[in-house]
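A.B. asks: What shape does this take:
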Amino acid sequence: MPDQSYIIAIDQGTTSSRAIVFDHDGNIVSTGQKEHEQIFPRAGWVEHDPEEIWTNVREVVGTALSKANLTRHDIAAVGITNQRETAVVWDKTTGKPVYNAIVWQDTRTQPTVNELAKDGGLDRYKDRVGLPLATYFSGTKIKWILDNVEGARERAEAGDLLFGNTDSWIVWNLTGGTDGGVHITDVTNASRTLFMNLDSLTWNEDILKDFGVPLSMMPEIKSSSEVYGTVHTSQLLRETPVAGILGDQQAATFGQAAFGQGAAKNTYGTGCFLIFNTGEEIVHSENGLITTVAYQIGDSKPVYALEGSIAVTGSLVQWLRDNLGMIQSAPEIERLANEVTDNGGVYIVPAFSGLFAPHWRSDARGAIVGLTRFVNKNHIARAALEATAFQTREVLDAVNADSGVPLTELRVDGGMVANEALMQFQADILGVDVVRPKIVETTALGAAYAAGLAVGYWNDTDELETKWAEDKRWTPQMEDSERQRQMRLWSKAVTRTFDWVDDDVL
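C.D. replies: Reported below is the predicted structural model:
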């Protein structure tokens, strides 16, 4: 182990950027966090300011270091985890973005999806890249920027523009930006673009041509755990190795030590993401899941996964708070939900940006069904929490069908796992135990682990597995007949959201 005592992880998320310092036991030493603006130019459009994000990243790194009274000399390596599929396009000469980052939730590229799907359907590229054509992934967003920002296509074709998810944007700036910044991404982020061959881990030039995206824009694909470069001398962490990158959901899987084939975790954040490790085998889903890269350590073979991506879970609680003013703070939702014993017949399907896995219905929009005069805000609060659990059950059913090996327990992490009412209902509706680890900041921890492995701070994944510890377990208490009744009603509610968007409805 190096002389330095700590690893720092930069967690560039959908709503905020954080820096967390971890010690050798995987414990949190200090944290810095700062939210960035959510920009909604029109219905279905979601953007972030990449320069604001980069400014915030530098600030939270400083906060985390100062809180623990540390300097760069105490840090062995930097790991990075990030919101996936959020696309940034910038000028490599000026370092300026040509447009705001287009966020993974954004649905403006549906016409692009429809156009590309005319030849081969939504699964046109799925056998090569593991993904259906959807607004969710980075590829359509890059195309939109090139097609709609004046002069962007010409600059891209001249080799002046670079693309990356926010991991690439952070690493490029961290390692020098216009002064020799490293333009890379890791296999997990690359697997979310629609452009990476799953088998060879290379960019597919035929698909890039179909989208009209020059190969020169694309970052070099690296493993999730290796030294990519060092922090530029102008930064607080100067000369510290940047040594790990994992997209946020894969980072959480890594942080949960779900390294074995058949291991699974579910992260409850803005959205909800269940990842099922399929080992070194590429498994193509027959049930609405996507195939993705779980991680790759150095020169080792990549490890693959099936993923069920749910667009809206925690952000439904935010919506109740910010748009409806029904609660003042997110934790208040649990108190309201606990005032009633059931949902009063109410089901909320939060298809704000269509439905992701396992339905992939971009024409769906949100619905609250089953309303009667009996219903009050407590029932609606409970239904909002239950929506997360129901959507997870749909994804887990798909995982079980694809893998043929029913999951016996589910490891969980993310902000919403502090909600005891939700976790109990999740166990009830799944019919399997739900297990929360002692360290729930698994996303940042996974990035720290990847960076630490690359510089010898930790020896191997076996050592990391010994650090995982159970904090709490929820066991199902619901009768099977009631579980089936609830899922039947949920499924009925989901179908009510289909076909809402047509030509004259945005």
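
A.B. asks: mind listing what the residue lying closest to residue 126 once chain neighbours are set aside touches?
C.D. replies: The shortest distance from residue 126 to any non-neighbouring residue, by C-beta to C-beta, 6 or more residues apart in numbering, is to residue 132 (5.7 Å). All C-beta atoms are positioned from the backbone trio N, CA, C, and that covers glycine. By C-beta atoms under 8 Å, 6 or more residues apart in numbering, the contact list for residue 132 reads 122-123, 126, 290, 360.

A.B. asks: Tabulate those residues (TSV), appending secondary structure, pLDDT and neighbour count.
C.D. replies: Listed next are the contacts of residue 132 as TSV, based on DSSP: H, G, I helix; E, B strand; the rest coil; pLDDT from 0 to 100; neighbours: other C-beta atoms under 10 Å:
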residue	secondary structure	pLDDT	neighbour count
122	coil	91	16
123	coil	91	13
126	helix	94	19
290	strand	91	25
360	coil	86	18
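
A.B. asks: any idea which of those is closest to residue 381?
C.D. replies: Taking C-beta to C-beta as the measure, residue 381 lies nearest residue 360 of the contacts of residue 132, at 28.5 Å.

A.B. asks: Please report phi then psi for the closest one.
C.D. replies: With angles defined as degrees, to the nearest 10, residue 360 sits at phi 50, psi 60.

A.B. asks: Repeat that for residue 179.
C.D. replies: Per degrees, to the nearest 10, the backbone of residue 179 is at phi -100, psi 60.

A.B. asks: That one touches residue 232, doesn't it?
C.D. replies: Yes. The pair residue 179 / residue 232 is scored as a contact, 6.7 Å apart, by C-beta atoms under 8 Å.

A.B. asks: Looking at these two, which has the bigger crowd around it?
C.D. replies: Applying other C-beta atoms under 10 Å to residue 179 and residue 232 shows that residue 232 carries more neighbours, namely 18 against 10.

A.B. asks: so what's that one scoring on pLDDT?
C.D. replies: For residue 232, the pLDDT comes out at 95.

A.B. asks: what residues are up against it?
C.D. replies: Residue 232 makes contact with 174-177, 179-181, 238, according to C-beta under 8 Å, 6+ apart.

A.B. asks: Including distance to residue 72 and pLDDT, could those go into CSV?
C.D. replies: Below are those laid out as CSV (distance: C-beta to C-beta, whole Å; pLDDT from 0 to 100):
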residue, distance to residue 72, pLDDT
174, 12, 97
175, 14, 97
176, 16, 95
177, 18, 95
179, 18, 94
180, 19, 94
181, 18, 95
238, 6, 93
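
A.B. asks: Of these, just say which sits nearest to residue 447.
C.D. replies: Checking the contacts of residue 232 against residue 447 by C-beta to C-beta gives residue 174 as the nearest, at 13.2 Å.

A.B. asks: what about the residue nearest to that closest one when sequence neighbours are not counted, neighbour count?
C.D. replies: In space, and not counting its chain neighbours, residue 174 is closest to residue 231: 5.5 Å by C-beta to C-beta, 6+ apart. Applying other C-beta under 10 Å, we find 21 residues neighbouring residue 231.

A.B. asks: Dihedrals phi and psi, residue 231?
C.D. replies: The phi/psi pair for residue 231 (degrees, to the nearest 10) reads phi -70, psi 140.

A.B. asks: Check residue 69 too.
C.D. replies: Here is the backbone geometry of residue 69 (degrees, to the nearest 10): phi 60, psi 50.

A.B. asks: mind listing what it touches?
C.D. replies: Contact analysis of residue 69 by C-beta under 8 Å, 6+ apart lists nothing.

A.B. asks: is it true that residue 37 touches residue 53?
C.D. replies: No. Judged on C-beta under 8 Å, residue 37 makes no contact with residue 53 at a distance of 9.7 Å.

A.B. asks: Tell me which of the two has more neighbours.
C.D. replies: residue 53 (26 against 12).

A.B. asks: do you know how far the more buried one is from residue 14?
C.D. replies: With distances taken as C-beta to C-beta, to the nearest Å, residue 53 is found 11 Å from residue 14.

A.B. asks: cool, and residue 326?
C.D. replies: When C-beta to C-beta is the yardstick, residue 326 and residue 14 sit 22 Å from each other.

A.B. asks: Which strands and helices lie in contact with the helix or strand residue 452 falls within?
C.D. replies: For residue 452, the host element (DSSP states H and E) is helix 442-454. In terms of contacts (3 or more C-beta pairs under 8 Å, 6 or more residues apart in numbering; DSSP states H and E), helix 442-454 is packed against strand 6-12, strand 16-22, strand 75-82, strand 225-230, strand 241-247, helix 248-255, strand 264-268, helix 461-465.

A.B. asks: which of these has the lowest average pLDDT?
C.D. replies: Note on those: strand 264-268 shows the lowest mean pLDDT, a mean of 90.

A.B. asks: So what touches that strand?
C.D. replies: Contacts of strand 264-268 (C-beta under 8 Å, 6+ apart): 248-249, 252-253, 256, 258, 272-277, 313-314, 388, 392, 399, 407, 410-417, 422, 442-443.

A.B. asks: Just give the number of residues close to residue 480.
C.D. replies: A count of nearby residues for residue 480, using other C-beta under 10 Å, gives 9.

A.B. asks: Excluding residues flanking it in the chain, which one is nearest it?
C.D. replies: residue 431 (7.2 Å).

A.B. asks: In this structure the one you found contacts residue 475, no?
C.D. replies: No. Shown here, residue 431 and residue 475 do not form a contact pair, counting by C-beta under 8 Å, at 10.2 Å.

A.B. asks: So the two - more neighbours on which side?
C.D. replies: Higher neighbour count among residue 431 and residue 475: residue 431, with 14 against 11, using other C-beta under 10 Å.

A.B. asks: In contact with the more buried one, which residues?
C.D. replies: Residues near residue 431 by C-beta under 8 Å, 6+ apart: 476, 478, 480, 483.

A.B. asks: bridging residues for the closest residue to residue 228 other than its chain neighbours?
C.D. replies: Distances taken as C-beta to C-beta, 6+ apart place residue 242 nearest to residue 228, at 5.1 Å, with adjacent residues excluded. Per DSSP bridges, the residues bridged to residue 242 are residue 78, residue 229.

A.B. asks: separation between residue 242 and residue 172?
C.D. replies: Counting by C-beta to C-beta, the gap from residue 242 to residue 172 is 10 Å.

A.B. asks: So for those two, which residues contact both of them?
C.D. replies: Shared contacts of residue 242 and residue 172, counting by C-beta under 8 Å, 6+ apart, come down to residue 182.

A.B. asks: where along the stretch 101-250 of the chain do the strands fall?
C.D. replies: In the stretch 101-250 of the chain, the strands defined using DSSP state E, counting those that start in this stretch lie at 101-102, 161-164, 184-186, 220-222, 225-230, 241-247.

A.B. asks: wait, which of these is closest to residue 84?
C.D. replies: The closest of those to residue 84 is strand 241-247. By C-beta to C-beta, the value is 4.0 Å.

A.B. asks: and the direction of the closest one versus that of strand 6-12, what angle?
C.D. replies: Note on geometry: by axes from the mean of the first three to the mean of the last three C-alpha atoms, to 10 degrees, strand 241-247 and strand 6-12 are set 40 degrees apart in direction.
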